[in-house]
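Engineer: give me coordinates for this.
(one chain, ligands or ions: 1)
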Amino acid sequence: LQQISLKKILYKKEVALLVNNIIRTMETPVVIEDAEGRTLMGKPEDMSTNSHPIEVSGEIIGWVEGNGDFSHLASAISYAAGVEIEKKLLAKETLEKYKEITLLYDMAERIGSCLDIKEVAGLTLEEITKFIECTGSSVMIYNEDKGCLETIGASGKHYDSKMTLIPGIGIRGAIFANGTSEIINNVKSDPRFVNGVREISSMICSPLKIKDKIIGIIDISNELPFNYTAAHLKLLNTIASQAAAAIENARLYDNLREAFFMTVHALAETVEKRDPYTGGHTKRVMDYSLAIGKEMSLNEDEITGLRLAAILHDIGKIGVKDSVLLKDGKLTDEEFEQIKLHSLYGEQILRHVRQMKDVIPGVKHHHEKYNGKGYPDGLKGDEIPIAARIICVADTFDAMTTDRPYRKGLSLEIAFEELRRCSGTQFDPNVTEAFFKYFEKIHEKEDKDA
Ligand SMILES: [Fe+2]
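Structural biologist: Next up, the predicted model:
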């Protein structure tokens, strides 16, 4: 109300017109003053006057002074001022709503494009503090296997990221169980309050719902007494529904990704099972390859591609006859040519899966040699895809160090020596270097542990 200026209202065209018309009909002098008594209209004359207040919402913002009855003029100006204030309030409210919607939209966009559950929770809690005053917040998700709610995101000193809750126990446990959001402005006097858990006075808690299923809860709280309102609750509910959708999305993606990796492993095992003596080879090649990849600072996408290529590097062996693949003795030239085809078969098999596009180069070229004397294409140096150069070292090293029915595996020292000897001819020297570094680190760690 203090911001409303009677002077500005009187200058408004429609108000000025109205006021002038009334004054003209009265034919007696009149003066309009603001609340402090400053003249805004008319000439103060020596006259015995009646004072009529100009009021808005019970507050006097000015006076009409005149020696006639100007009460209707005061009423008209009061009315005009009331309308002005309402307009201002409405504009302010609209602006606030607009800001809120913009923030909510930004938030939906940020968490919607996020495929990691913990990241979704973290972002959601980060955004909440922009909307609602609080000293702590958390997101908890129900773990069906364990039968409890687990914290997946938390902020504030009274929150423990390892905290779990049993459905039905405590305020949040109860809200999860009955699925209705609540404001609790006096936490300690709530009959469901479990003593000693958290030092908080006021809180709001909303269930995270996907259709009719409750998957968890989100809550915000204040250490000091705070008057959370229905507007806060409504806002938290909106944020909760967006967070729930994003979490579910991330979970579905996780499941899909896991199913994909498991299928890839199963596929690789069909080959491994044909040759019982290679047991565990695929996993070791994957482990070595990833270690090298990380040592060489490959990015996340490259690491994922490398992992898949390492698992699937020999998938093409499925197309090689048992009599050749499992032969104990020395291979004839013709048999060796058949074995060599496995890298091309690998490409042909994986071509059917669109998502494997970036994995194929690592599989197809894992038998290329750095000097260009490998197969299938005789690629040289950096022409060989990096994943293939890495798998080549990991694969050869594991083949050398693993026991076979007809020979015992080489010792690590001799295998390392062999890698060093062929570095620059068969192997990319940067890759062998990274491999040695990885082993040095393991060795150092073992020394420390001992
Ligand atoms: Fe191979």
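Engineer: quick check: buried residues in stretch 352-370?
Structural biologist: Buried residues in stretch 352-370, counted by 16 or more other CB atoms under 10 Å: 356, 358-370. For glycine as for every other residue, the C-beta is placed from the backbone atoms N, C-alpha and C.
Engineer: and the residues you listed as TSV, adding distance to residue 271, pLDDT and secondary structure?
Structural biologist: TSV is the format used below for those (distance: CB to CB, whole Å; pLDDT from 0 to 100; DSSP: H, G, I helix; E, B strand; the rest coil):
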residue	distance to residue 271	pLDDT	secondary structure
356	16	92	helix
358	21	94	coil
359	15	96	coil
360	16	97	helix
361	19	97	helix
362	16	97	helix
363	12	97	helix
364	16	97	helix
365	18	97	coil
366	14	97	coil
367	15	97	coil
368	20	97	coil
369	23	97	coil
370	26	97	coil
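Engineer: name the nearest of those relative to residue 340.
Structural biologist: Each of those was checked against residue 340 using CB to CB; the closest is residue 367, at 7.2 Å.
Engineer: returning to that earlier point: make a markdown table out of the buried residues of stretch 352-370 and add distance to residue 9.
Structural biologist: Below are the buried residues of stretch 352-370 laid out as a markdown table (distance: CB to CB, whole Å):
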| residue | distance to residue 9 |
| --- | --- |
| 356 | 72 |
| 358 | 69 |
| 359 | 73 |
| 360 | 75 |
| 361 | 75 |
| 362 | 76 |
| 363 | 79 |
| 364 | 80 |
| 365 | 81 |
| 366 | 82 |
| 367 | 87 |
| 368 | 84 |
| 369 | 89 |
| 370 | 85 |
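Engineer: name the nearest of the residues you listed relative to residue 26.
Structural biologist: Residue 26 has its nearest neighbour among the buried residues of stretch 352-370 in residue 358, at 87.6 Å by CB to CB.
Engineer: how close does the closest one sit to residue 367?
Structural biologist: Computed as CB to CB, to the nearest Å, the residue 358 to residue 367 distance reads 19 Å.
Engineer: ok, residue 60 next?
Structural biologist: The gap separating residue 60 from residue 367 is 94 Å, by CB to CB.
Engineer: which residues of the protein fall in strands?
Structural biologist: 30-34, 39-41, 50-56, 59-66, 136-143, 148-155, 164-165, 182-184, 202-210, 213-222 (DSSP state E).
Engineer: distance from the longest one to the middle of the chain?
Structural biologist: I take that to be strand 213-222. Relative to the centre of its chain, strand 213-222 is centred 17 Å away, using CA atoms, centre = their mean, to the nearest Å.
Engineer: which strands or helices does that strand pack on?
Structural biologist: Contact analysis of strand 213-222 by 3 or more CB pairs under 8 Å, 6 or more residues apart in numbering; DSSP states H and E lists helix 117-131, strand 136-143, strand 148-155, helix 170-178, strand 202-210, helix 230-272 as its packing neighbours.
Engineer: now for the ones you listed, which one comes closest to residue 348?
Structural biologist: helix 230-272 (13.9 Å).
Engineer: what's the burial count for residue 31?
Structural biologist: Residues lying near residue 31 (other CB atoms under 10 Å) number 19.
Engineer: isn't it up against residue 37?
Structural biologist: No - judged on CB atoms under 8 Å, residue 31 makes no contact with residue 37 at a distance of 10.2 Å.
Engineer: where do the contact lists of those two overlap?
Structural biologist: Counting by CB atoms under 8 Å, 6 or more residues apart in numbering, no residue touches both residue 31 and residue 37.
Engineer: from memory residue 365 sits against residue 343, does it?
Structural biologist: Yes - Residue 365 is in contact with residue 343 according to CB under 8 Å; the separation is 7.1 Å.
Engineer: okay if I get the strands of the chain as TSV plus mean pLDDT and distance to residue 339?
Structural biologist: Shown next, in TSV, are these (pLDDT from 0 to 100; distance: least, CB to CB, whole Å):
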stretch	mean pLDDT	distance to residue 339
strand 30-34	90	100
strand 39-41	88	101
strand 50-56	91	94
strand 59-66	90	95
strand 136-143	94	48
strand 148-155	93	49
strand 164-165	90	54
strand 182-184	96	68
strand 202-210	96	51
strand 213-222	95	51
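Engineer: tell me which of these sits nearest to residue 249.
Structural biologist: For the strands of the chain, distance to residue 249 was read as CB to CB. The smallest value, 9.8 Å, belongs to strand 202-210.
Engineer: now the angle from that closest one to strand 136-143?
Structural biologist: Angle, strand 202-210 to strand 136-143, by axes from the mean of the first three to the mean of the last three CA atoms, to 10 degrees: 30 degrees.
Engineer: okay, angle between strand 202-210 and strand 213-222 too, please.
Structural biologist: Per the same axes, to 10 degrees, the angle that strand 202-210 makes with strand 213-222 is 160 degrees.
Engineer: need the CA coordinates for strand 202-210. PDB is fine.
Structural biologist: This file holds the C-alpha atoms of strand 202-210, laid out as PDB (Å, rounded to 0.1, in the frame of the first residue of the first chain):
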ATOM      1  CA  SER A 202       8.800 -28.000  10.200                       C
ATOM      2  CA  MET A 203       8.600 -30.000   7.100                       C
ATOM      3  CA  ILE A 204       6.600 -30.900   3.900                       C
ATOM      4  CA  CYS A 205       6.700 -34.400   2.400                       C
ATOM      5  CA  SER A 206       5.300 -35.600  -0.900                       C
ATOM      6  CA  PRO A 207       5.200 -39.100  -2.200                       C
ATOM      7  CA  LEU A 208       6.900 -39.800  -5.500                       C
ATOM      8  CA  LYS A 209       4.200 -41.400  -7.700                       C
ATOM      9  CA  ILE A 210       4.200 -43.100 -11.000                       C
END
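Engineer: check which residues of it are buried.
Structural biologist: By 16+ other CB under 10 Å, the buried positions in strand 202-210 come out as 202-209.
Engineer: same check, this time on stretch 38-50
Structural biologist: In stretch 38-50, counting by 16+ other CB under 10 Å, buried: 40-42, 49.
Engineer: and which of these is nearest to residue 98?
Structural biologist: Relative to residue 98, the closest of the buried residues of stretch 38-50 is residue 40; by CB to CB it sits at 34.1 Å.
Engineer: look up how far residue 56 lies from that closest one.
Structural biologist: Per CB to CB, residue 40 is found 15 Å from residue 56.
Engineer: same deal with residue 14?
Structural biologist: Distance from residue 14 to residue 56, counting by CB to CB: 17 Å.
Engineer: and if you look at residue 50?
Structural biologist: As judged by CB to CB, residue 50 and residue 56 stand 20 Å apart.
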